[in-house]
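sequence below, structure please.
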Amino acid sequence: MTTDTNTSGYSHTQKAPLCLLVYALAAVFVALGWVVQDAPPIPWVFPPIGLLMLVVAASFHHLTVEDQGEVLSVRFGPILLFRMTVKYSDIVKVEVGQTLLLDGLGIHMSIRGGWVWNIWGRDCVVVHFRNGCTLRIGTDDAENLARFLEGKIGG
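Below you'll find the predicted structure:
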């Protein structure tokens, strides 16, 4: 986990233990495909599901939030299937908040409206945009991220 909130920008990576469970499930599916290879269509179903779960686990291993000049980069990794950038000029207001238990983890619409990008825990920074949309960025560094964003938007 890194945090840098000096004048050069902001960078923070949060890791989550949930991916370890998905890695384990992926191994179970691949192993099941190997063990029951004589029962059609099992050999053709379990290994691909296991490999897909392996890619998903690696895609959601950590969440990095980083200043990139005029935009904030939010990306899951180390496989970069899921990433987005937020223009600072599009942000009206930011505040420290919490996601609901029903919001869960991952990338999805919140039941309160707006998007949730979260990897672990309930702390988040709620970003309000000029167009009325919201984005909840889950982080274990909410205070520093909110302070950084307030400095970027002049608020």
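
let me see the domain layout of this structure.
Residue ranges for the domains of the chain, per automatic domain parsing: 3-16+60-153, 18-59.

now those domains as TSV including mean neighbour count and mean pLDDT?
C-beta here means a position set from N, CA and C on the backbone, and glycine is covered the same way. Output for these, formatted as TSV (neighbours: other CB atoms under 10 Å; pLDDT from 0 to 100):
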stretch	mean neighbour count	mean pLDDT
domain 3-16+60-153	16	91
domain 18-59	15	82
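
just checking, Met109 touches Leu102?
No: taking CB atoms under 8 Å as the definition, Met109 is not a contact partner of Leu102, at 11.4 Å.

most distant residue from the centre of the chain?
Asp38 (39.0 Å; CA atoms, centre = their mean).

residue contacts, the residue lying closest to Gly114 once chain neighbours are set aside?
Counting by CB to CB, 6 or more residues apart in numbering, Gly114 lies nearest to Thr134, which is 3.2 Å off, once chain neighbours are set aside. Counting by CB atoms under 8 Å, 6 or more residues apart in numbering, Thr134 makes contact with Ser110, Gly113, Gly114, Trp115, Val126, Val127, His128.

ok so Ile111 is a helix residue?
No: the assignment for Ile111 is coil, going by DSSP: H, G, I helix; E, B strand; the rest coil, so no helix is present there.

phi first, then psi, for Ser122.
No, residue 122 isn't Ser; it's Arg. Here is the backbone geometry of Arg122 (degrees, to the nearest 10): phi -110, psi -10.

Ala27 versus that one, what's the distance?
29 Å (CB to CB, to the nearest Å).

quick one: the strands in this protein?
3-4, 11-15, 62-67, 71-77, 83-87, 91-98, 106-109, 115-118, 123-129, 134-138 (DSSP state E).

quick one: list the elements packing against the second one.
It stands for strand 11-15. Identification of packing neighbours for strand 11-15 by 3 or more CB pairs under 8 Å, 6 or more residues apart in numbering; DSSP states H and E yields strand 3-4, strand 62-67.

switch those over to JSON lines; also include distance to Glu150.
As requested, the helices and strands packed on strand 11-15 are exported to JSON lines (distance: least, CB to CB, whole Å):
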{"stretch": "strand 3-4", "distance to Glu150": "16"}
{"stretch": "strand 62-67", "distance to Glu150": "13"}
